[in-house]
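# following is a predicted model, sequence given first.
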Amino acid sequence: MGIFLFLNIALSFRFEKRILGAVFRITEYSLHSQIKNWYSILGDEVEVKVDDYIVDIMRGNILIEIQTRNFSAIKKKLVNLLVSRKVRLVYPIAKLKWILCKSSQGEIIRKRRSPKKGHLFDIFNELVYVADLFNQGNFSFEVLFIEEEEIRCNDGKGSWRRKGISIKDRKLLEVFNQVLFNSRKDFLKFLPTDLENPFTNRILARKLGISVRVARRMTYSLRKMNILAITKNKKRELFFKIRNNV
């Protein structure tokens, strides 16, 4: 069991180094500024300089940052701001998405509804980068379920996955609802009450009706929050339990 546990921890460490050390090209779409405008209320300060950073919104003693993707790009900023302040990270998930395709000349070719619907479990695709921040009592996280329009152009400059089609802009159409995570304890709601103890990623995936890949990202994030602990490894599969001090 020892060698398998060592290998799994080593693989987890490499995964951690890879995701925390990733480098991304950031493009700010209209979606960011539109969410900022929607989220702001009377009395908020917008685009405020705090220490060495520009913060999206300051609401009393809370700093609010809006990030539409790539949490790794904002990790350092969050860490530094959390030293002495309360910080909330706001993240949109497209519950409904429209794809508007344009030619390279800007003419509208077609508009269609994306078959993909965002789910709350999608947060773990990004939370793997910042999950450890929940161990500080001054960090919170809010999800906005939105209707979004994605504007694409067949200019040959986009991802090979989209066959060269570029994403030119993302726009906010509507906000349906919000889900706030004030502390790491709020993430316990993801774990079924009848979950075996200990349990594996496969067991969790089956209970929740999600893929094993998503379950792995969830358990990775919950371990970083000190909600879960590894109890053993059997046949190269990790077993987890919920910590007593959550």
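Sure, I can see it. Numbers count the residues shown, from 1 in each chain.
# the bottom helix or strand of this protein by mean pLDDT?
In the chain, no helix or strand scores lower on mean pLDDT, DSSP states H and E than helix 2-20, which sits at a mean of 43.
# next structured bit after it?
Moving toward the C-terminus from helix 2-20, the next helix or strand (DSSP states H and E) is helix 30-39.
# what is that next one packed up against?
Helix 30-39 sits against strand 53-59, strand 62-66, strand 86-102, strand 139-153, strand 166-181, with contacts defined as 3 or more Cβ pairs under 8 Å, 6 or more residues apart in numbering; DSSP states H and E. For the C-beta atoms, the positions are set from N, CA and C on the backbone; glycine is no exception.
# domains in this structure, by residue range?
2-182, 184-246 (automatic domain parsing).
# who's residue 145 bridged to?
residue 93, residue 177 (DSSP bridges).
# distance of it from residue 88?
Applying Cβ to Cβ, to the nearest Å, the value for residue 145 to residue 88 is 17 Å.
# make TSV out of the domains of the chain and add mean neighbour count.
Shown next, in TSV, are these (neighbours: other Cβ atoms under 10 Å):
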stretch	mean neighbour count
domain 2-182	15
domain 184-246	16
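# quick one: low-confidence parts of this protein?
1-27, 156-164 (pLDDT under 70).
# so which residue is dead centre in it?
residue 126 (2.9 Å; Cα atoms, centre = their mean).
# next, the residue sitting furthest away from the middle of the chain: phi, psi?
Distance to the chain centre peaks in the chain at residue 105, reaching 34.2 Å (criterion: Cα atoms, centre = their mean). Main-chain torsions, residue 105, degrees, to the nearest 10: phi -90, psi 0.
# same thing with residue 103?
phi -80, psi 170.
# I'd say it and residue 165 touch.
No - here residue 103 lies out of contact with residue 165, judged by Cβ atoms under 8 Å, at a distance of 11.1 Å.
# give me the common contacts of these two.
Residues touching both residue 103 and residue 165 by Cβ atoms under 8 Å, 6 or more residues apart in numbering: 153-154.
# the helices and strands packed on helix 30-39 into a markdown table, with extra columns for distance to residue 113?
Below are those laid out as a markdown table (distance: least, Cβ to Cβ, whole Å):
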| stretch | distance to residue 113 |
| --- | --- |
| strand 53-59 | 30 |
| strand 62-66 | 25 |
| strand 86-102 | 6 |
| strand 139-153 | 10 |
| strand 166-181 | 12 |
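# out of the ones you listed, nearest to residue 189?
strand 166-181 (9.2 Å; Cβ to Cβ).
# contacts for that closest one?
Residues outside strand 166-181 that contact it (Cβ under 8 Å, 6+ apart): 29-31, 34-35, 38, 68, 92, 95-96, 98, 102, 120, 134, 140-153, 155, 157-158, 186-187.
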